[in-house]
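Chemist: My questions concern the predicted model and sequence given below.
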Amino acid sequence: MHPRKNLLYIGNRLAVHGKNPTAIDELPIRLEAEGYEIITASSKQNKILRLLDMAFATVQNRNRVNLVLIDTYSTQNFYYAVIMAALCRFFKLPYMPILHGGNLPSRLKKNKRLSKALFGKALMNIAPSKFMMGQFQNAGFQNITYIPNTLKIENYPFHLRASITPKLLWVRSFSELYNPLLALEIVEMLKRKGMDVSLCMVGPDKDGSLKRCKKIAAELQLPITFTGMLEKKEWIALSKDFDIFINTTNFDNMPLSVMEAMALGMPVVSTNVGGLPFLIENNVNGLLVPPNNPEAFVNVIEAICSNDVKARELAKNARLRTEEFDWEKVKQRWIKLLND
């Protein structure tokens, strides 16, 4: 065991309310197993109450903890991180933002003053992708380190498909940021080409996008199933019935759902935005296409459905890539960072 440190972990712990699990739902459990004591906040659903709960946890535990970890996103939740970091500085508590938001680089430009305070005065910023690390270094931040998102690889049974059909799987929150409507366009185009396409979309609604997708899918009579939010075990079991994983996002960092699909043996077709080219090497362990381009997706899906050998090669290479992110390997980086 390592010298014990007491940590406060600030983030949106909303999996208890049926939302997609985020880092705060998994990382504290793993760190506790390594001997760290961790207090987490917050699982309050109401945004104002959640912020108050985070602030209360910081004030209450300011003399009990050595370090505060802050999950940092690029949308509204960016301001949680700004406020909590200011509180940490007031109490002279060292803190480390964990840079999850795929659109954080635009925050560095748009909110320069807030970013300088939040990230510049942090003990260290933790980037889950080399893309994010590069963006922050280019903006002049030197206090940054790379620790990738992790998987417990044994939880992902590798399933090599004998042949590939256009049975598509999409797993994400329904949010404009992740462009779910593009998935519908892809299905419509494949259907028009006479392909026996089907799509399953897994995930909770974030901004009304799910409702829009359901309405359009019904109007166009598209062969799409919407499951809503599923437990990880459930969608992993479901993935066996599908052959290709599509990721349609406009902004991204190091998406866990893509890493999971790669670990499960699904050929992945993704937009080449944000951190994705750092995770997927095009034509080696996955396929990258320009954002907002349904034709490019369709061409690549057609090509992969007619080349089983290539599909299997992509799947095997993708699994090897994700094995680099196994917790047993990545945890050494966390231990070194937290103990320095």
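Modeler: Ah, there it is.

Chemist: rest of the way, CA atoms for contacts and neighbours
Modeler: Will do.

Chemist: Skip ahead from the helix or strand hosting Leu199 and say which helix or strand is next.
Modeler: Per DSSP states H and E, Leu199 falls inside strand 198-202. Later in the chain than strand 198-202, the nearest helix or strand by DSSP H and E is helix 209-219.

Chemist: following that next one, which helix or strand shows up next?
Modeler: Sequence order places strand 224-228 as the next helix or strand after helix 209-219, per DSSP H and E.

Chemist: quick one, that next one and strand 198-202 angle?
Modeler: 10 degrees (axes from the mean of the first three to the mean of the last three Cα atoms, to 10 degrees).

Chemist: average pLDDT across strand 224-228?
Modeler: For strand 224-228, the mean pLDDT works out to 97.

Chemist: before we move on, what about stretch 199-217?
Modeler: What stretch 199-217 shows for mean pLDDT is 96.

Chemist: Contacts for that stretch, please.
Modeler: When contacts are defined by Cα atoms under 8 Å, 6 or more residues apart in numbering, stretch 199-217 is touched by residues 19-20, 167-176, 180-181, 184, 187, 223-230, 235.

Chemist: strands paired with the strand holding Leu199, and their directions?
Modeler: strand 167-171 (parallel), strand 224-228 (parallel) (DSSP bridges).

Chemist: Contacts made by the last one with the rest, please.
Modeler: Applying Cα under 8 Å, 6+ apart, the set of residues contacting strand 224-228 from outside is 198-205, 214, 217.

Chemist: This protein: strands as residue ranges?
Modeler: Taking DSSP state E, the strands of the chain run over residues 6-10, 37-41, 67-72, 95-99, 125-127, 144-146, 167-171, 198-202, 224-228, 244-247, 268-271, 287-289.

Chemist: Would you mind giving the ones you listed as TSV with mean neighbour count and distance to Tyr80 added?
Modeler: Output for the strands of the chain, formatted as TSV (neighbours: other Cα atoms under 10 Å; distance: least, Cα to Cα, whole Å):
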stretch	mean neighbour count	distance to Tyr80
strand 6-10	24	9
strand 37-41	19	12
strand 67-72	24	8
strand 95-99	25	11
strand 125-127	26	16
strand 144-146	20	20
strand 167-171	23	26
strand 198-202	21	27
strand 224-228	16	27
strand 244-247	26	28
strand 268-271	25	29
strand 287-289	21	33
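
Chemist: For Trp327, find the nearest of those strands.
Modeler: Among the strands of the chain, strand 144-146 comes nearest to Trp327, with 14.5 Å by Cα to Cα.

Chemist: which helices and strands sit right next to that closest one?
Modeler: strand 125-127, helix 130-138 (3 or more Cα pairs under 8 Å, 6 or more residues apart in numbering; DSSP states H and E).

Chemist: Tell me which of these sits most buried.
Modeler: Each of the helices and strands packed on strand 144-146 was scored by mean neighbour count; the highest is strand 125-127, a mean of 26, by mean count of other Cα atoms under 10 Å.

Chemist: Could you list every helix and strand in contact with that one?
Modeler: Other helices and strands packing on strand 125-127, by 3+ Cα pairs under 8 Å, 6+ apart, are strand 95-99, strand 144-146.

Chemist: okay, the angle between the longest one and strand 67-72?
Modeler: Meaning strand 95-99. Relative orientation of strand 95-99 and strand 67-72, computed by the same axes, to 10 degrees: 30 degrees.

Chemist: Would you map the helices across the stretch 1-150 of the chain?
Modeler: Applying DSSP state H, counting those that start in this stretch to the stretch 1-150 of the chain gives helices spanning 23-33, 47-60, 78-90, 104-110, 112-120, 130-138.

Chemist: Name the residue closest to the centre of the chain, please.
Modeler: Central residue of the chain (Cα atoms, centre = their mean): Pro255, 3.1 Å from the mean position.

Chemist: Enumerate every residue touching that one.
Modeler: By Cα under 8 Å, 6+ apart, Pro255 lies in contact with Leu276.

Chemist: Now do the same for it: its pLDDT.
Modeler: 90.

Chemist: Could you pull up phi and psi at it?
Modeler: Torsion angles at Pro255 (phi, psi; degrees, to the nearest 10) stand at phi -70, psi 130.

Chemist: For the strand holding Leu199, output the C-alpha coordinates as PDB.
Modeler: These are the backbone C-alpha positions of strand 198-202, laid out as PDB (Å, rounded to 0.1, in the frame of the first residue of the first chain):
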ATOM      1  CA  SER A 198     -30.400  -1.100 -38.400                       C
ATOM      2  CA  LEU A 199     -29.300   1.200 -35.600                       C
ATOM      3  CA  CYS A 200     -29.500   1.000 -31.800                       C
ATOM      4  CA  MET A 201     -29.000   4.200 -29.900                       C
ATOM      5  CA  VAL A 202     -28.200   3.900 -26.200                       C
END
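
Chemist: before we move on, the earlier item: out of the helices and strands packed on strand 125-127, the one nearest Phe251 is which?
Modeler: The closest of the helices and strands packed on strand 125-127 to Phe251 is strand 95-99. By Cα to Cα, the value is 13.6 Å.
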